[in-house]
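[1] Need coordinates for the following:
(chains A and B, ligands or ions: 2)
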Amino acid sequence: MTTIPVEMVMAKKERFERGADRRSADFHEQLFALEDAGELIVQRVPDNNVVVNTKYGVPKKIPRAHLWHHKSCGQCGHIPGYSTSIFWIMRKLGYDYEDPKDQTSCTAWNYYASATSNQAAQAAVALRNFAAAYETGYFPLIHCGTSYGHYKEVRSELLHQPELRTKVRKVLERLGKPMVLPEEIVHYSEYLFALRDEIKQHQVRDFSGIGVTVHPACHYYKLVEGDAIFDPDIYQGQRTAVVTGLAQTLGADVREYSTWFDCCGFGFRHILVQRDFTRSFATMRKIEVMKEEANPDVVLTHDTGCVTTLDKSQFAAQAHDRNVGVPVMSEAQFAALAMGAHPFKVCQLHWHSANYRPLLEKMGIDWEAAWAEFQSDVARLERGEQQYLTWEDVGV
Amino acid sequence: MGTATATDPYRKVQDVAGFADVPLKEKQRLVDQVVADPRFEEYLYGCYECGICVAACPSARFYDFSPRRVAQAAARRDVELMYQQMQEDIWECSQCFSCLRCPRGNNPGGIITVMREVAVNNGLASAREALEGYSRIIYKIMSTGTQVSPDMLQPDAFPDWGPEVADVSEHLELWRRALPPETHHTTKTGWAVAEKTLIELYLIWLETGALDMINQVDEGLHMILEEVMEERLEEEGIEV
Ligand code: SF4
Ligand code: SF4
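    Ligands and ions are numbered 1, 2, ... in the order given. Sure thing, here's the model as predicted:
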């Protein structure tokens, strides 16, 4: 009989380190070399920052304040409580930011869906946005996981392909823009992770009884993996630490399920024109597995497409008596709720589909009263007494 | 190499995915374009045939699709098989990049991105078919700078997303005004995009040939987009 050396295996896992051959190169050296050669400008991370650990141990600076919010079309368009919560948290923490109109989508959703674009166009779109941020003096914070993943790809292509740099430079010259890359490409979930202890200091709702499953977003940690945050104390450094680290800090009960590595089923083109695939994958490989193995009160994730897919795919499956029915939101909305945000005025949960009301009750929120408050605000807007709901109306 | 035959186990169907066959030379021309892409050599280092990418792949679970087959065909430069994949398989991929788990350092999803670009650039039937019903999205992203807009949430477009879509659609204008961020009060775009920004975006589409690509798959859409962009640029006194 073979004996499995459990202790030895476990000890190894505790000191888990990736082999040198699996490490991707640190891009910084090349980035600064190009700056020294006068090819581009590197926008530095502001001094007020937190240093975190990435997958292969390269430190990453996450700025606390003075951020240029690179918004996500899917969040702003279809899950507006997502972006609103990110802004709300920053305001609550007392950090300044810029919410620019001089920003386009990264256009990568379309690119991964239809391929009706090319390398130079994609890089030019990215660099136009980076230049727009640089011109304001604020540092870019990327809301969307796909923008973040795609921009990392673009950076890598620009660093390695002089011909591409020449093409993009020509386009930027036509636009009158400088060629700028930020020192770090920072995703909002990294910001929330890095500032999790500050966020906890503002926590006013007890989340200790809340069961959570986490869906890590593919484009966050699979695409150009070296930038993603890993922490030896979270999953022993073997999975990305964002989302989980924040949820644990807020006291939630983060639960395991076996298909954590699977994507959500979004598919870029599938979610729009082939949703039978998206629905099947999202429910059968994610939601049902989570329900069966972990029975969470809420699914947390950190990307636009994942929230949409995991949330919206449940309705049709319910009609077929599948084991679904769990609310889905971003960890930004979850953290905002912990910090006392209004579920409708800030987190805008009425844009979500899966039933979130039992979760709110478990969080100690009277959702009926909260909905009445929102309705009364909306009535004021309707009567023309006020044109928009403002930050003042939501306490920040 | 063109080794595929009617009995080749790697070929899904005898006729190329139901699309008209073309001479080998034409297939070779398309494959050459794939291989010539500067990203290609970064995306493929040979293949162990281990199937790890397949285990990680969502599309492999629901379609007759395999990233391993894509990597192998590319590694062997199997012109027949790569052509067939360009006519069918590539549109099944979810572009999630789970296949980057490959122990060889391959990026089958990336190879597919490149193959898709070649399919679009050459107006292949698969690209035209895959993008049918998708043109309004291309129009949106290229002309407004944001991909999905609040007013797309119509119950008849998303009947499977539950009754909340109808609620949103019914109260859209009011509910958008109930959003505290100043950039979010829009219904036709995700956020308010500045005019100057849009003009810069149009210039990017024109200068990089991205607009021309649309002509290969949807002439009508190309005509509309070209008109919108040129008119706007001319108003600004920008020569195109
Ligand atoms: S990118 Fe495509 S081939 Fe790769 S795992 Fe995802 S669906 Fe499969
Ligand atoms: S994981 Fe990599 S080496 Fe293994 S079959 Fe897929 S492409 Fe080939």
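
[2] Give the burial count for residue 109, as a bare number.
    In the absence of a named chain, chain A is used. A count of neighbours around residue A:109, defined by other CB atoms under 10 Å in any protein chain shown, yields 29. For the C-beta atoms, the positions are set from N, CA and C on the backbone; glycine is no exception.

[3] Sorry, I should have been clearer: chain B.
    26.

[4] Just give the nearest non-adjacent residue to it, would you?
    Distances taken as CB to CB, 6 or more residues apart in numbering or on different chains put residue B:97 closest to residue B:109, at 4.6 Å, once the chain neighbours are dropped.

[5] now do residue A:82
    In space, residue A:82 is closest to residue A:75, 4.1 Å off (CB to CB, 6+ apart).

[6] roughly how far apart are the one you found and residue A:65?
    For residue A:75, the distance to residue A:65 (CB to CB, to the nearest Å) stands at 21 Å.

[7] Could you do residue A:384 as well?
    36 Å.

[8] between the two, which one's more packed in?
    Using other CB under 10 Å as the criterion, residue A:384 and residue A:65 rank with residue A:65 on top: 16 against 7.

[9] Where do the domain boundaries of chain B fall?
    Under the assignment automatic domain parsing, the domains of chain B span B:12-122, B:133-236.

[10] how far out from the middle of the chain is the first one?
    Mean C-alpha position of domain B:12-122 versus that of the full chain (CA atoms, centre = their mean, to the nearest Å) differs by 14 Å.

[11] Wait, residue A:373 touches residue A:345, no?
    Yes: using CB atoms under 8 Å, residue A:373 is in contact with residue A:345, at 7.4 Å.

[12] what about the two, which has more around it?
    residue A:345 (22 against 15).

[13] On the three-state scheme, that one is what?
    Secondary structure, DSSP: H, G, I helix; E, B strand; the rest coil: residue A:345 is coil.

[14] from what I can see it touches residue A:393, true?
    Yes: between residue A:345 and residue A:393 there is a contact at 6.7 Å, judged by CB under 8 Å.

[15] Could you tell me which residues touch both of the two?
    Common neighbours of residue A:345 and residue A:393 (criterion: CB atoms under 8 Å, 6 or more residues apart in numbering or on different chains): A:377, B:180.

[16] circling back: moving C-terminal from the helix or strand harbouring the residue nearest to residue A:82, which element do we reach first?
    Counting by DSSP states H and E, the element that carries residue A:75 is helix A:73-78. With elements assigned by DSSP H and E, the helix or strand that comes after helix A:73-78 is helix A:80-93.

[17] Show me what the next helix or strand after that next one is packed against.
    Along the chain past helix A:80-93, the next helix or strand (assigned with DSSP H and E) turns out to be strand A:97-98. Using 3 or more CB pairs under 8 Å, 6 or more residues apart in numbering or on different chains; DSSP states H and E, the elements in contact with strand A:97-98 are strand A:67-70.

[18] in its sheet, what does the strand it packs on sit against?
    strand A:97-98 (parallel), strand A:139-142 (parallel) (DSSP bridges).

[19] ok, now which ones touch the residue nearest to residue A:259 when sequence neighbours are not counted?
    Among residues not flanking residue A:259 along the chain, residue A:289 sits closest, at 4.7 Å (CB to CB, 6+ apart). By CB under 8 Å, 6+ apart, the contact set of residue A:289 is A:257, A:258, A:259.

[20] Next, the buried residues of the biggest helix by length in chain B.
    Assignment by DSSP state H gives helix B:219-235 as the longest helix of chain B. The neighbour-count check on helix B:219-235 (16 or more other CB atoms under 10 Å in any protein chain shown) flags B:221, B:222, B:224, B:225, B:226, B:229, B:233 as buried.

[21] Kindly report the same for stretch B:184-197.
    Using 16+ other CB under 10 Å as the test for burial, stretch B:184-197 gives B:184, B:185, B:186, B:189, B:190, B:191, B:192, B:193, B:197.

[22] Can you tell me the closest non-neighbouring residue to the residue nearest in space to the middle of chain A?
    By CA atoms, centre = their mean, chain A has its centre lying nearest to residue A:302, at 3.5 Å. Distances taken as CB to CB, 6+ apart place residue A:189 nearest to residue A:302, at 3.8 Å, with adjacent residues excluded.

[23] how far away is the one you found from residue B:101?
    Distance, residue A:189 to residue B:101, by CB to CB: 21 Å.

[24] Over to residue B:24?
    Distance of residue B:24 to residue B:101, given as CB to CB: 34 Å.

[25] for residue A:225, same thing?
    Distance of residue A:225 to residue B:101, computed by CB to CB: 10 Å.

[26] now swap in residue A:8 and tell me
    Residue A:8 sits 25 Å away from residue B:101, taking CB to CB as the criterion.
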